[in-house]
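> Predicted model, plus sequence, below.
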Amino acid sequence: MPIIVAALFGIVALIWQLVGQVVQVLTRPIIQHLNAADPDVPLSPADAADAVERSILDFGRASGEAASAGVSAEVFQWMVELTGEPPGIEQMLSLWRRGKLDEGVLDQMIAYSRIKTEWSDFVRELAHDTMTGADAIEATLKGVIGESEGRDLFGQAGGLDEQWSTLLATAGNPIGVEQANTLYNHGLIDAAQLRSVILHSRINPTFEPMAELLRYHYLAPFQISTALKAGTVTAAEATRWLLADGYPADQVAATVKGGSAEKTATHKSLTEAQITEAFDSGILSEAEAGKQLQDMGYEAGEVEWILALYNAKRRLAAAQSAITVVRKQYLAKRITEAEAMSELVALGVDPVAREDYIAVWTVEQREELKELTAAQLGAIYKKGGLSDAQLRSRYESMGYSSTDADLLLFNYGGPAPAGSPAASSGG
């Protein structure tokens, strides 16, 4: 029986729930229509206070909205004053540090935040940062502060004390790996010290053996080329070294060929000079000299040009020598101007050049005339070969003044100059 009664009550409850849902569905359009016809729901007091803070509503109207919800004007005033948030803690502390607001304003801003005012002193401490854990380690490592102080600062920065020793031991950078390899090569550090440098670098341990290979250095291309020119390495060795350095095969071939060619250039030039000198001296004929030059690797056109150059050089030297002989004969007056001109014509000298030669030589010929010295003229005068006037004129033509000419004349037995002691005594 109780089971039947419980079942009946359950059925009744279910029916009642279904009836309520049906009533809601049926009455909802009626309620919505009535609300739309007479909208009278006021702003909540909180929304009204926020509207005043945002200057959307004035205080009087917003206060009326709040009053319809049962909030008095005095309480609403408090709600307006409580509305809004201050800047964030970090921003307000930044303004305080920069002196843009004093401590009283800062406290007021903290009070308006969600932080309880009893924690204001701690909030002000947040305005200042302590050095980081890395800074504390670096300062200790550089000896700026002692290890005890550094360890305390490390802890203040949030570092775990049990990690201090490990971080201190691994802090700082070693010298460069390449520099360490150079020191090792010079015997300034040992292998263990070199490995320690590599270990403390940023190199992955997998590649540490490769880092040790950096102690080997290789010749630069210009050094290889110099060695090749000097004959201290073979072309094959130079080729292998350059290819190992990663240079393209065509560039390697060009470099090695250039070095080899330069190495033989001096000997080739010497041999060429000997051949051309022998040809220039008439020891070798043109055909013989040409064959030897071709045997050295010169092209036929190059040989023709070289021998033509030496032929011209030889003819020029002979012509200059002959012109020099003509000049000497003309200056010595062994040949006349007409004969000198004929000789130049025979040598094939250009007509304009012939005229220039003769004009210059004529001037030289005049300058080559010998003149008697002052002593020679005086001796001739004493022998009666010159008169007083003639000797005085010759001295003046030589550049002597009239006074000096009279003195020279007197020196060789002529009359005493006027006004001289000899003239006064009648000597």
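All right, it came through fine. Numbers count the residues shown, from 1 in each chain.

> in the stretch 151-300 of the chain, which spans are helices?
Counting by DSSP state H, counting those that start in this stretch, one finds helices in the stretch 151-300 of the chain at the ranges 164-170, 177-185, 191-200, 208-212, 221-230, 235-244, 249-280, 286-295, 300-331.

> Now Gly258: closest residue in space that isn't a chain neighbour?
Closest residue in space to Gly258, ignoring its immediate chain neighbours: Ser225 at 7.2 Å, by CB to CB, 6 or more residues apart in numbering. Every residue, glycine included, has its C-beta placed from N, CA and C.

> mind checking how far that neighbour is from Leu219?
Going from Ser225 to Leu219 by CB to CB, to the nearest Å gives 9 Å.

> Tell me which residues of the helix or strand containing Glu149 come out buried.
Element membership for Glu149 (DSSP states H and E) is helix 147-156. For helix 147-156, a neighbour-count test (16 or more other CB atoms under 10 Å) marks 150-151, 153-154 as buried.

> Show me the shaky parts of the chain.
1-3, 5-6, 9, 30-41, 259-271, 279, 296-297, 367-370, 423-427 (pLDDT under 70).

> send the alpha carbons of stretch 88-108 over as CSV?
Extracted in CSV, the C-alpha atoms of stretch 88-108 (Å, rounded to 0.1, in the frame of the first residue of the first chain):
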residue,chain,number,x,y,z
GLY,A,88,47.4,49.0,-11.9
ILE,A,89,49.8,48.5,-9.1
GLU,A,90,52.9,48.5,-11.4
GLN,A,91,51.8,51.7,-13.1
MET,A,92,51.1,53.6,-9.8
LEU,A,93,54.4,52.5,-8.4
SER,A,94,56.2,53.7,-11.5
LEU,A,95,54.6,57.1,-11.1
TRP,A,96,55.6,57.2,-7.5
ARG,A,97,59.2,56.3,-8.3
ARG,A,98,59.3,59.1,-10.9
GLY,A,99,57.9,61.6,-8.4
LYS,A,100,54.7,62.2,-10.3
LEU,A,101,52.6,61.5,-7.2
ASP,A,102,53.3,61.6,-3.4
GLU,A,103,52.9,58.9,-0.9
GLY,A,104,49.5,60.1,0.2
VAL,A,105,48.1,59.8,-3.3
LEU,A,106,49.7,56.4,-3.6
ASP,A,107,48.1,55.2,-0.4
GLN,A,108,44.7,56.5,-1.7
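
> Contact partners for Val326?
335, 340, 343-344, 347 (CB atoms under 8 Å, 6 or more residues apart in numbering).

> For the closest residue to Leu167 other than its chain neighbours, which three-state class applies?
Nearest non-adjacent residue to Leu167, counting by CB to CB, 6+ apart: Ile137, 5.6 Å away. Ile137 carries the three-state label helix when classified by DSSP: H, G, I helix; E, B strand; the rest coil.

> re the thing from before, out of the buried residues of helix 147-156, which two sit at the greatest distance?
Arg151 and Leu153 (7.4 Å; CB to CB).

> what touches both of those two?
Common neighbours of Arg151 and Leu153 (CB under 8 Å, 6+ apart) are Ala136.

> ok, back up a step: got a list of contacts for the helix holding Glu149?
130-131, 133, 135-137, 139-140, 145, 161, 164, 168.

> Ok, stretch 79-86 next?
With CB under 8 Å, 6+ apart, stretch 79-86 has contacts from 45-46, 48-50, 52-53, 59, 62, 66, 71, 92, 109-110, 112-113.

> same deal with stretch 236-253?
218-219, 221, 224-225, 227-228, 233, 255-256, 259.

> What segments of the stretch 1-150 of the chain are strands?
Assigned by DSSP state E, counting those that start in this stretch, the strands in the stretch 1-150 of the chain number zero.

> Buried subset of the contacts of helix 147-156, written for PyMOL?
Only the buried entries of the contacts of helix 147-156 go into this PyMOL selection, using 16+ other CB under 10 Å:
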select buried, resi 131+133+136+137+139+140+145+164+168
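
> could you dump the contacts of helix 147-156 to TSV with distance to Pro174?
Below are the contacts of helix 147-156 laid out as TSV (distance: CB to CB, whole Å):
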residue	distance to Pro174
Thr130	29
Met131	24
Gly133	21
Asp135	21
Ala136	21
Ile137	16
Ala139	19
Thr140	18
Ile145	23
Asp161	26
Trp164	21
Leu168	15
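
> which non-adjacent residue is nearest Pro42?
Ser68 (4.1 Å).

> do you know how far that neighbour is from Glu396?
Distance from Ser68 to Glu396, counting by CB to CB: 145 Å.

> How about Arg97?
For Arg97 relative to Glu396 (CB to CB), the value is 108 Å.

> Which residue lies nearest the spatial centre of this structure?
Ala220 (21.4 Å; CA atoms, centre = their mean).

> picking up where we left off before, quick one, which of Ser225 and Leu219 is more surrounded?
Ser225 (21 against 15; other CB atoms under 10 Å).

> I'd say that one and Thr255 touch.
Yes: applying CB atoms under 8 Å, one finds Ser225 in contact with Thr255, separated by 5.9 Å.

> rewinding a little: please convert the helices of the stretch 151-300 of the chain to TSV, extending it with distance to Ser120.
Formatted as TSV, the helices of the stretch 151-300 of the chain follow (distance: least, CB to CB, whole Å):
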stretch	distance to Ser120
helix 164-170	33
helix 177-185	54
helix 191-200	47
helix 208-212	56
helix 221-230	73
helix 235-244	73
helix 249-280	76
helix 286-295	105
helix 300-331	101
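
> For Val105, find the nearest of those helices.
Nearest of those (CB to CB): helix 164-170, 40.9 Å.

> That closest one - contacts with which helices or strands?
Using 3 or more CB pairs under 8 Å, 6 or more residues apart in numbering; DSSP states H and E, the elements in contact with helix 164-170 are helix 133-141, helix 147-156.

> If we use 7 Å, what do you get?
Packing partners of helix 164-170 (3 or more CB pairs under 7 Å, 6 or more residues apart in numbering; DSSP states H and E): helix 133-141.

> what sits against the closest residue to Leu408 other than its chain neighbours?
Distances taken as CB to CB, 6+ apart place Tyr395 nearest to Leu408, at 5.4 Å, with adjacent residues excluded. Tyr395 makes contacts with 374, 405, 408, as judged by CB atoms under 7 Å, 6 or more residues apart in numbering.

> right, and the last one touches Leu377 too?
Yep, that's Leu408 we're talking about. No: here Leu408 does not reach Leu377: they are 8.4 Å apart, not a contact under CB atoms under 7 Å.
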